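*Asks:* Task: produce atomic coordinates for the following.
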Amino acid sequence: MHSEKDWSKLYKISSEKKDSHLFVYLTGDFGLKNLNLFTNDIRKLIDKKKFQQISIDFSGISFLDSAAALALIQLKNYAGAKNTLWSFVNLTEEAKGIFSVIHEQALIKRPFKPKTASDNFLIQLGDAFLHLVRDFINVVEFVGDLLFAIFYTITHPQSLRMKDILFYMKRAGVDGLPIVGLISALIGLIIAFMSFLQLKQVGANIYVPSLVSFAMVKELGPIMTAILVAGRSGSAFAAEIGTMVVNEEVDALKTMGFDPVRFLAVPKVLASMMVVPILTIYADFFGVLGGMIVGVTGLDLTVNTYLTQSIKTITVFDIVTSLIKAAVFAALIAGIGCQRGFQVRSGAQDVGKYTTSAVVSAIFLIVVADSIFAVTLYYIR
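*Replies:* Have a look, this model is predicted:
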């Protein structure tokens, strides 16, 4: 370890007085290691007598680091507080470079983030409305691009890449069979059990199979399947396209003359519209099966009686409308997932943000579409 005495040998400070003007000549090395020593020496010169002007001569300096430069600027401010003019003379090129980086303004303490007045409620409401309008315009523009791309694909079937269709059918359909089957069976079991608790009070246990099958085929089968697909596949579509945007792969597709919507979104939308109706039938079956477990074990119904009561309730119209709803839900899920993916601009944070937005938006659109179907089917049947 070096003592302060050793560090003091690295520099020399001499001074010359001319009337009320003090010249300070710096020689040697001035850096962080001897910072306290030379600043104290210069401060003593300043305090010894009141001078109107002080000039610091750098012609003899062999080394100067940023810490020493910052300390000299602080001494300049200290002298300025005493109404003393301060100037640096004979600066070397190295010293000029250091002082150009460490500006006096750096010494002014500022908060990291300036305090700003919070917007009032009306401004926040207006911003939210404008954001909603911009988002709606983006969605409408994407829907137009998507419909045009699908129409082009239909009129030019050779442009459709079947390998991608099969890949996404597996991703959205086959890989989702276990979770869809499990959730649907549990939903059917819960509906059967809860309806049994109410219907047994009036001796109407025989209607439990009808209630379960009607609820699963008409509403719960399509909507539960759609929500699960939105969580699994809708988020995956948004994350996949968003990552491609971040990696500039989408820009590369444009440069090569490919339409990103036709190349990336169309296979996902078509694959989803093919497999989600099949998943809905699968979910209906497991929902009825879950209800049958309660019916056979808790209601003393036979399997034949349960299935007969279930089939009597379900009509072809109910099955067809259920499949139509599933196809529409699939188009909404895949479409909004791709649209959110294309909205990503930079960074992993954007990918996470729009992936979450894809799932939330898809579930919202599913509920809205299901409400429209419920009202429409009531009047047309």
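*Asks:* The strand or helix carrying Gln198: how far from the chain's middle?
*Replies:* Assigned by DSSP states H and E, Gln198 belongs to helix 177-199. Between the centre of helix 177-199 and the centre of its chain there are 34 Å (C-alpha atoms, centre = their mean, to the nearest Å).
*Asks:* what residues does that helix touch?
*Replies:* Helix 177-199 is contacted from outside by 205, 207-209, 211-212, 215-216, 220-221, 224-225, 228, 232, 279, 282-295, 298-299, using C-beta atoms under 8 Å, 6 or more residues apart in numbering. From N, CA and C alone the C-beta is placed, and that goes for glycine too.
*Asks:* can you rerun that using 7 Å?
*Replies:* With contact meaning C-beta atoms under 7 Å, 6 or more residues apart in numbering, helix 177-199 is reached by 205, 207-208, 211-212, 215-216, 220-221, 224-225, 228, 279, 282-283, 286-291, 293-295, 298-299.
*Asks:* Buried only: go through these for me.
*Replies:* The neighbour count (16 or more other C-beta atoms under 10 Å) marks 205, 208, 211-212, 215-216, 220-221, 224-225, 228, 279, 282-283, 286-291, 294-295, 299 as buried among the contacts of helix 177-199.
*Asks:* In helices, which of those fall?
*Replies:* Judged by DSSP state H, the buried ones among the contacts of helix 177-199 include 208, 211-212, 215, 221, 224-225, 228, 279, 282-283, 286-291, 294-295 as members of helices.
*Asks:* which of the residues in the longest strand along the chain are buried?
*Replies:* Using DSSP state E, we find that the single longest strand of the chain is strand 53-64. The neighbour-count check on strand 53-64 (16+ other C-beta under 10 Å) flags Ile54, Ser55, Ile56, Asp57, Phe58, Ile61, Leu64 as buried.
*Asks:* so what strands line up beside that strand?
*Replies:* strand 21-30 (parallel), strand 85-89 (parallel) (DSSP bridges).
*Asks:* model confidence over the helix holding Gln198, on average?
*Replies:* Rounded to a whole number, the mean pLDDT of helix 177-199 is 90.
*Asks:* Flag every buried residue along that helix.
*Replies:* Per 16+ other C-beta under 10 Å, helix 177-199 contains these buried residues: 180-181, 183-185, 187-189, 191-193, 195-196, 199.
*Asks:* Over to stretch 24-44?
*Replies:* Those would be 24-31, 33-35, 37-39, 41-42, for stretch 24-44 by 16+ other C-beta under 10 Å.
*Asks:* Just the terminal-to-terminal distance for it.
*Replies:* From its first residue to its last, stretch 24-44 covers 12 Å (C-alpha to C-alpha, to the nearest Å).
*Asks:* can you list contacts of that stretch?
*Replies:* Outside stretch 24-44, the residues that touch it by C-beta under 7 Å, 6+ apart are 4, 7-8, 10-15, 45, 54-58, 60-65, 67-68, 71, 75, 78.
*Asks:* With stretch 289-298 instead?
*Replies:* Contacts of stretch 289-298 (C-beta under 7 Å, 6+ apart): 184-189, 191-193, 196, 208-209, 212, 301, 303, 306.
*Asks:* go with 6 Å
*Replies:* Residues from elsewhere that reach stretch 289-298, judged by C-beta atoms under 6 Å, 6 or more residues apart in numbering: Ala185, Gly188, Leu189, Ala192, Phe193, Val208, Pro209, Val212, Leu301, Tyr306.
*Asks:* gap between the closest residue to the first one other than its chain neighbours and Ser15?
*Replies:* Leaving out its chain neighbours, the residue that sits closest to Ala185 by C-beta to C-beta, 6 or more residues apart in numbering is Gly290, at 3.7 Å. When C-beta to C-beta, to the nearest Å is the yardstick, Gly290 and Ser15 sit 95 Å from each other.
*Asks:* same deal with Phe88?
*Replies:* For Phe88 relative to Ser15 (C-beta to C-beta), the value is 15 Å.
*Asks:* Between those two, which is the more surrounded one?
*Replies:* Per other C-beta atoms under 10 Å, whichever of Phe88 and Ser15 has more neighbours is Phe88, with 17 against 14.
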